[in-house]
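> Sequence and predicted structure are below.
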Amino acid sequence: MNVHESEKLAGILQSRGYLPCQNVEDADVIVLNTCCVRETAETKVYGHLGRIKSQKKQGAIIAVCGCMTQQPNAAEKLVKRCPFVNIVIGTFNQPRLGDYLDRFIQTGTRVIEVWTSEKDGDCAESTSPVRSSGINAWVNIMYGCNNFCTYCIVPYVRGRERCRPIDNIVSDIDSLLSKGYKQITLLGQNVNSYRYMGKTFTDLLKELESDTKYRLKFMTSHPKDISPDLAQIISDSKVLSHSLHLPVQAGSDRILQAMNRHYTRDEYLAKISSFRELIPNIGLSSDVMVGFPTETEDDFLQTLDLVERVKYNNLFMFIYSRRSGTPADTMPQLDYSTKQKRIDRLIKFQFEISKQLALGAVGHTAEVLVSDKDGSKCYGKSETDAAITFESDSAQIGDFVRVKIVSAKNANLTGEVV
C-alpha cells in the first residue's frame, strides 16, 4: 500500500513539472512517505531526516506525510525535533500535497496541516500515479479499517472503511490493461469487507473477469470476513491468481481473543480446508506475530502447530512491536530475549516447510508471468505465487510462459520452458 501511495505522490509532483532524480543532493523537493505500523519504521524516519539535512542542497523543500504524522501530537513532535522540515501533512490530506507545495513556495511559511478525516467525503482517485512496479499495478478498492485489532495503529491513522465505486475500479483496471500491465493487485486493509451500493467484494471480482490475458491478485484478507463463495470464484476464474494471503497472526485462541481478531484457530483451519478442497494447488501465505503481550510457551507452541498443519508456501514473521495508543500497549509485555528466541524458532520451522514444499513442486508444470530478465535468465511467479527462474532467449518481460520445474534449492525453484 505504501508503494502505491508513493506512486500517487510522485504523480502529484510530476503534474507540477517535477521529475524524479537519483540523489538527494540534486533534489528540489524531497518527500518522505512514512509508516508507523512498527516502531522501527518511525525510528528510521528520523534517521533519514538527519542524513537528508546534511546532504540536501540549499533551498530544497522537505515534506513528510503518511501514517507517522497522523498520530496524535506526532506532527508537533516532528517539527520541534526537525525544524528544517517545511511541510508536514497526514494520511487524509496527502492528495493535496501539490497545493501545500505551492503555498510554501509562494509564502515561504512552513505548512503543518493534519486532518482528522477526509473533508470531501469520498475516496476518489484524483491523481494519475507514476507507476514504478514494472508489469505490476496496484489499485485501491477501499481505504481505512474497522477492525481495531488491539496491536494495530491503522484504524487510528487511516480512519474507518471507505469503499470506492465498482465502476471507478473497473475503469481503472480497463485503463491499466489497455496500457499493457499484466498483473493487477487490488488493495485494502480488509478487502473482504468491501461494500458499495449493495455490492460486495465477490461481486467486484466477478466484474473484473476478462478475456484479456492478465493476472488479478488482492490483499489483504481478514479471516473473519472471507466469503464462503470466494474459493469457488477463484477456482472458476480465468484471471484470479491461485494464491491467498490470509493473515492468522497467532495459533492460540487465547491470544487471538486478546488481539481482537474475531475468529478461532478451528474456524481459521476450516476456511483453509475449504479453499484447498476446491483449489488443491493453492499457494498460501500468512502473517504471524510472535511475542504478543502475555504469550506463553504453550501459546507459541500452538502457533507452531497451526503453521505445521497449514504448511504455508510463504510466511511473513514478525516480533510484536509496541505501539503507543493501542490497547496492547497497556498489556503486560514480554522481554525481548524471549521474543527473539521464539521468532528464531519459527523462522527455522517455516524454512523446513518451505523447502519440502519446493521439493514437492519438482516435476510439475506452471504458468510463469515473466517480471524480470537478465540476458537469457528469466524471473517470474507462477499462478500460485511461487518464484521460478528459467532460461529463455525468446521470452520477454510480461509474457506468460509454461515452465516445468526441474529443481529446487531450499525454496528456490528452477524450471525449463515446456
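Looks like it came in fine.
> And the closest residue to residue 132 other than its chain neighbours, which helix or strand is it part of?
In this structure, residue 132 finds its nearest non-sequential neighbour in residue 7, 5.8 Å apart by Cβ to Cβ, 6 or more residues apart in numbering. To be clear about C-beta, it is placed using only N, CA and C from the backbone, and glycine gets the same treatment. Element membership of residue 7, judged by DSSP states H and E, is helix 2-15.
> can you map out the helices along this protein?
2-15, 39-55, 67-70, 74-81, 97-107, 154-158, 166-178, 201-207, 230-236, 253-258, 265-278, 297-310, 336-361 (DSSP state H).
> Mind listing what's buried along the helix holding residue 7?
Within helix 2-15, the residues that count as buried by 16 or more other Cβ atoms under 10 Å are 4-14.
> okay if I get the helices of the chain as CSV plus distance to residue 243 and mean pLDDT?
Shown next, in CSV, are the helices of the chain (distance: least, Cβ to Cβ, whole Å; pLDDT from 0 to 100):
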stretch, distance to residue 243, mean pLDDT
helix 2-15, 19, 89
helix 39-55, 26, 88
helix 67-70, 27, 90
helix 74-81, 36, 92
helix 97-107, 34, 94
helix 154-158, 23, 91
helix 166-178, 18, 95
helix 201-207, 14, 97
helix 230-236, 9, 97
helix 253-258, 23, 98
helix 265-278, 10, 97
helix 297-310, 14, 98
helix 336-361, 13, 97
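> Output those helices in JSON lines, with distance to residue 415 appended to each entry.
Formatted as JSON lines, the helices of the chain follow (distance: least, Cβ to Cβ, whole Å):
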{"stretch": "helix 2-15", "distance to residue 415": "28"}
{"stretch": "helix 39-55", "distance to residue 415": "36"}
{"stretch": "helix 67-70", "distance to residue 415": "39"}
{"stretch": "helix 74-81", "distance to residue 415": "48"}
{"stretch": "helix 97-107", "distance to residue 415": "44"}
{"stretch": "helix 154-158", "distance to residue 415": "38"}
{"stretch": "helix 166-178", "distance to residue 415": "27"}
{"stretch": "helix 201-207", "distance to residue 415": "29"}
{"stretch": "helix 230-236", "distance to residue 415": "23"}
{"stretch": "helix 253-258", "distance to residue 415": "38"}
{"stretch": "helix 265-278", "distance to residue 415": "24"}
{"stretch": "helix 297-310", "distance to residue 415": "25"}
{"stretch": "helix 336-361", "distance to residue 415": "9"}
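> most packed of those helices?
With neighbours taken as mean count of other Cβ atoms under 10 Å, those reach their highest mean count in helix 67-70, at a mean of 26.
> could you dump stretch 332-347 to CSV, C-alpha only?
What follows is stretch 332-347 as a C-alpha-only set of coordinates in CSV (Å, rounded to 0.1, in the frame of the first residue of the first chain):
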residue,chain,number,x,y,z
PRO,A,332,1.9,-7.0,30.3
GLN,A,333,4.9,-7.1,27.8
LEU,A,334,7.3,-10.0,27.1
ASP,A,335,11.1,-9.4,27.4
TYR,A,336,12.9,-9.0,24.1
SER,A,337,15.1,-12.1,24.6
THR,A,338,12.0,-14.4,24.8
LYS,A,339,10.5,-12.9,21.7
GLN,A,340,13.8,-13.1,19.7
LYS,A,341,14.3,-16.8,20.6
ARG,A,342,10.7,-17.6,19.5
ILE,A,343,11.0,-15.8,16.2
ASP,A,344,14.2,-17.7,15.5
ARG,A,345,12.5,-21.0,16.2
LEU,A,346,9.6,-20.1,13.9
ILE,A,347,11.8,-19.0,11.1
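> For it, give me every contacting residue.
Residues from elsewhere that reach stretch 332-347 (Cβ atoms under 8 Å, 6 or more residues apart in numbering): 288, 290-295, 300, 303-304, 307, 315, 317-320, 322.
> and if you look at stretch 94-101?
Applying Cβ under 8 Å, 6+ apart, the contact partners of stretch 94-101 are 5, 8-9, 12-13, 15-16, 29, 31, 61, 63, 65-66, 87, 89, 111, 113, 126-127.
> Now with 6 Å, please.
Residues from elsewhere that reach stretch 94-101 (Cβ atoms under 6 Å, 6 or more residues apart in numbering): 9, 12, 16, 65, 87, 111, 126.
> Can I have the buried ones of those residues as a ChimeraX selection?
Remark: buried members of the contacts of stretch 94-101, expressed as a ChimeraX selection using 16+ other Cβ under 10 Å:
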select :9,12,65,87,111
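> and stretch 69-83, how far apart are its ends?
One end of stretch 69-83 sits 15 Å from the other (Cα to Cα, to the nearest Å).
> What are the contacting residues of it?
49, 68, 88, 90-91, 112, 114, 157.
> gap between that stretch and the chain center?
Stretch 69-83 sits 25 Å away from the centroid of its parent chain (Cα atoms, centre = their mean, to the nearest Å).
> Please apply the same query to stretch 197-216.
With Cα atoms, centre = their mean, you get 20 Å for stretch 197-216.
> Using PDB, write out every CA atom in it.
What follows is stretch 197-216, C-alpha atoms only, in PDB (Å, rounded to 0.1, in the frame of the first residue of the first chain):
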ATOM      1  CA  MET A 197     -24.200   0.300  -3.100                       C
ATOM      2  CA  GLY A 198     -25.200  -3.300  -2.100                       C
ATOM      3  CA  LYS A 199     -22.200  -4.800  -4.000                       C
ATOM      4  CA  THR A 200     -19.700  -7.000  -2.200                       C
ATOM      5  CA  PHE A 201     -16.100  -8.000  -2.800                       C
ATOM      6  CA  THR A 202     -17.100 -11.100  -4.700                       C
ATOM      7  CA  ASP A 203     -19.400  -9.000  -6.900                       C
ATOM      8  CA  LEU A 204     -16.400  -6.800  -7.700                       C
ATOM      9  CA  LEU A 205     -14.300  -9.900  -8.600                       C
ATOM     10  CA  LYS A 206     -16.900 -11.100 -11.000                       C
ATOM     11  CA  GLU A 207     -17.000  -7.700 -12.700                       C
ATOM     12  CA  LEU A 208     -13.200  -8.000 -13.300                       C
ATOM     13  CA  GLU A 209     -13.400 -11.200 -15.300                       C
ATOM     14  CA  SER A 210     -12.000 -10.600 -18.700                       C
ATOM     15  CA  ASP A 211     -11.000 -12.300 -22.000                       C
ATOM     16  CA  THR A 212      -7.800 -10.200 -21.800                       C
ATOM     17  CA  LYS A 213      -4.900 -12.200 -20.500                       C
ATOM     18  CA  TYR A 214      -3.800 -10.900 -17.100                       C
ATOM     19  CA  ARG A 215      -3.400 -11.900 -13.500                       C
ATOM     20  CA  LEU A 216      -5.500 -10.500 -10.700                       C
END
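> Much appreciated, bye for now.
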